[in-house]
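Colleague: One predicted model, sequence on top.
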Amino acid sequence: MSILIKGATLPDGTTTDLLVEDGTIAQLGAVTTKAEQTIAADGLRLLPGLVDLHTHLREPGREDAETVLTGSRAAAVGGYTAVLAMANTHPVTDTAEAAERVFDLGRQAGLVDVQPVGAVTKGLAGEELAELGLMARSRAKVRVFSDDGKCVHDARVMRRALEYVKAFGGVVSQHSQDPTLAGATACCHEGELSGRLGLPGWPGVAEEVIVARDVMLARHTGSRVHVAHVSTAGSVEVVRWAKAQGIDVTAEVTPHHLLLTTDLLTGYDPTFKVNPPLRPDEDVQALREALADGTIDAVATDHAPHARHDKEHAFVDAAFGMLGLETALPVVTTVMVESGLLDWAGVARVMSANPARIAGLDGEHGRPIAVGEPANLTLVDPAAKVVVDRDASVSLSRNNPWHDRKLTGRVVATLLRGTPTVLEGALA
Ligand SMILES: NC(=O)N[C@@H](CC(=O)O)C(=O)O
Ligand SMILES: [Zn+2]
Ligand SMILES: [Zn+2]
């Protein structure tokens, strides 16, 4: 199969045709070869396929909220060609067999490369290490380990996990939430507003103490730690310091923490209930700057679909989490590109190259757009204005915090190894 992409603008600003043959970029420049299919790309940006370090696909166990297939659809529509599927499923992805099952479901769906994340501890209980080595050696080749949803709170367990994954170049992605400072009911950034609303507070320091501890454990073990969903200016300071010391740490920020703020909670709408919580404007500004200057390496969605019967409750009882896959690129375009904080090369870096490298997927994903490279590509209309409609989503869930919001930027097409998964903004 051959596809000609005509007149696309690359991340660096050069405009070119691009011929894809047999899953690979075969020609760049002015292409005169005939192709079976042509995509007109005037005024559009061509990016390496997006890679999401943090997705909840809910299968097995909560197929009423999302499945590997429906989540893969949402990912493709969002411009993704690879996603890391978090381990907090039922049962938990804490064995090689469980990881291979998720991996196989992803291949069967065939829309994005679904790479399972392995649990750090058995059943996410925080006590006994899961089968890290067996998961790494399995067909799924697990490299990212996380108890996400829960923090690996025991420092000794975290230390052992870091020592263990070092042997095969793995990384521990930490959900940084000290449960003694922010317990299970904590659901609103601790401050004046949490007091006024009467919601249990989740102070930024509950995140920061874990980030600080973990970078020291990474230094001590010579291993690699990744900070999931960084949400405070204080965490940014710690990561910036740790990187300056040469500590092997990377960090991600979610689209919602780049734009949404605590004051959205005044209406008690559980759509805005998420872990870590939405923070005040000072934190949001610090996160944007850190993403622009490279302190934060990647944007990761933390796509967290929830069924109506888990989300539509009084605020304190509702599930934590919000959708993210289909809106990440428009949010980043609106927040980072329109403001001049990132150019398109920067977007390619934080949404594709860096996450691919962190996850060890950089043989296939997040590659430069060059002849001979796998054709994992995303075509974006950088000027399109979209009003998000939660009912237009291909996700099974509707907990969409972007509903009715006007954003700039739209994914026009996605190609996985040369095969279009999305064309004209819809599933191909
Ligand atoms: N982010 C959330 O609020 N929820 C996530 C878990 C997590 O990422 O911590 C979920 O699994 O629903
Ligand atoms: Zn988390
Ligand atoms: Zn998560």
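Modeller: Sure, I can see it. Ligands and ions are numbered 1, 2, ... in the order given.
Colleague: How about the residues of this structure by ligand 2?
Modeller: Residues of the chain lying close to ligand 2 by C-beta under 5 Å from the ion are 148, 175. From N, CA and C alone the C-beta is placed, and that goes for glycine too.
Colleague: 8 Å instead?
Modeller: Listed as neighbours of ligand 2 in the chain under the rule C-beta under 8 Å from the ion: 54, 86, 148, 149, 150, 175, 177, 228, 229, 275, 276, 302.
Colleague: Secondary structure and pLDDT for those - can I get that in JSON lines?
Modeller: Below are the residues of the chain next to ligand 2 laid out as JSON lines (DSSP: H, G, I helix; E, B strand; the rest coil; pLDDT from 0 to 100):
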{"residue": "54", "secondary structure": "strand", "pLDDT": "99"}
{"residue": "86", "secondary structure": "coil", "pLDDT": "99"}
{"residue": "148", "secondary structure": "coil", "pLDDT": "99"}
{"residue": "149", "secondary structure": "coil", "pLDDT": "98"}
{"residue": "150", "secondary structure": "coil", "pLDDT": "98"}
{"residue": "175", "secondary structure": "coil", "pLDDT": "99"}
{"residue": "177", "secondary structure": "coil", "pLDDT": "98"}
{"residue": "228", "secondary structure": "coil", "pLDDT": "99"}
{"residue": "229", "secondary structure": "coil", "pLDDT": "99"}
{"residue": "275", "secondary structure": "coil", "pLDDT": "98"}
{"residue": "276", "secondary structure": "coil", "pLDDT": "98"}
{"residue": "302", "secondary structure": "coil", "pLDDT": "99"}
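Colleague: Just list the residues touching residue 189, thanks.
Modeller: Neighbouring residues of residue 189 by C-beta atoms under 8 Å, 6 or more residues apart in numbering: 201, 202, 203, 204, 262, 277, 278, 279, 280.
Colleague: got it, and residue 24?
Modeller: 372, 373, 374, 375, 418.
Colleague: now the residues of the chain next to ligand 2: which count as buried?
Modeller: Burial of the residues of the chain next to ligand 2 was assessed by neighbour count (16 or more other C-beta atoms under 10 Å); the buried members are 54, 86, 148, 149, 150, 175, 177, 228, 229, 275, 276, 302.
Colleague: which one is the fifth one nearest to, not counting chain neighbours?
Modeller: With sequence-adjacent residues excluded and distances taken as C-beta to C-beta, 6 or more residues apart in numbering, residue 150 is closest to residue 124, at 5.1 Å.
Colleague: So the one you found sits against residue 147, correct?
Modeller: Yes: counting by C-beta atoms under 8 Å, residue 147 is a contact partner of residue 124 at 4.7 Å.
Colleague: For these two, work out which one has more neighbours and name it.
Modeller: More crowded of residue 124 and residue 147, by other C-beta atoms under 10 Å: residue 147, with 30 against 22.
Colleague: Close to ligand 3: what parts of the stretch 251-400 of the chain are there?
Modeller: Contact residues, the stretch 251-400 of the chain versus ligand 3 (C-beta under 8 Å from the ion): 275, 302, 304, 321.
Colleague: related to what we said a few turns ago, who's in contact with the residue nearest to residue 150?
Modeller: If you count contacts by C-beta under 8 Å, 6+ apart, residue 124 has them with 87, 88, 92, 94, 147, 149, 150.
Colleague: mind checking how far whichever residue of the stretch 251-400 of the chain sits closest to ligand 2 is from residue 88?
Modeller: Going by C-beta to the ion, ligand 2 is nearest to residue 275 of the stretch 251-400 of the chain, at 5.6 Å. The gap separating residue 275 from residue 88 is 11 Å, by C-beta to C-beta, to the nearest Å.
Colleague: anything in contact with each of the two?
Modeller: residue 149.
Colleague: contacting residues around the residue of the stretch 101-250 of the chain found nearest ligand 3?
Modeller: Shortest the stretch 101-250 of the chain-to-ligand 3 distance, computed as C-beta to the ion: residue-wise this is residue 148, at 4.4 Å. By C-beta under 8 Å, 6+ apart, the contact set of residue 148 is 54, 86, 87, 88, 117, 173, 175, 228.
Colleague: Check whether the third one really touches residue 115, as I assumed.
Modeller: Yep, that's residue 87 we're talking about. No: look at residue 87 against residue 115 with C-beta under 8 Å: they stay out of range, at 11.6 Å.
Colleague: who's more crowded, the two?
Modeller: For residue 87 versus residue 115, the count of surrounding residues by other C-beta under 10 Å is larger for residue 87: 30 against 26.
Colleague: How about the contacts made by that one?
Modeller: 93, 94, 116, 117, 118, 119, 124, 145, 146, 147, 148.
Colleague: Name the spans of this protein whose pLDDT lies under the cut-off.
Modeller: Along the chain, the model assigns pLDDT under 70 to no residue.
Colleague: so what's the residue in the stretch 101-250 of the chain positioned nearest to ligand 1 closest to, chain neighbours aside?
Modeller: Closest approach between the stretch 101-250 of the chain and ligand 1, counting by C-beta to the nearest ligand atom: residue 149, at 3.9 Å. Excluding the flanking residues, the one nearest residue 149 by C-beta to C-beta, 6+ apart is residue 88, at 4.1 Å.
Colleague: hang on, the one you found packs against residue 54?
Modeller: No: using C-beta under 8 Å, residue 88 makes no contact with residue 54, being 11.3 Å away.
Colleague: How about residue 85: what's its closest non-neighbour residue?
Modeller: residue 57 (4.6 Å).
Colleague: ugh, wrong one, residue 115
Modeller: Per C-beta to C-beta, 6+ apart, closest to residue 115 is residue 84, 5.2 Å.
Colleague: now the strands: where do they sit in the stretch 1-150 of the chain?
Modeller: Secondary structure of the stretch 1-150 of the chain by DSSP state E, counting those that start in this stretch: the strands cover 2-9, 15-21, 24-29, 37-40, 45-48, 50-55, 80-85, 113-116, 144-145.
Colleague: And for the stretch 201-350 of the chain?
Modeller: 201-202, 225-227, 249-253, 298-299.
Colleague: Could you single out the most deeply buried of those?
Modeller: A comparison of the strands of the stretch 201-350 of the chain by mean neighbour count, using mean count of other C-beta atoms under 10 Å, puts strand 298-299 on top with a mean of 28.
Colleague: quick one: contacts of that strand?
Modeller: By C-beta under 8 Å, 6+ apart, strand 298-299 touches 53, 250-255, 258, 291, 328, 332, 350-351, 354-355, 358.
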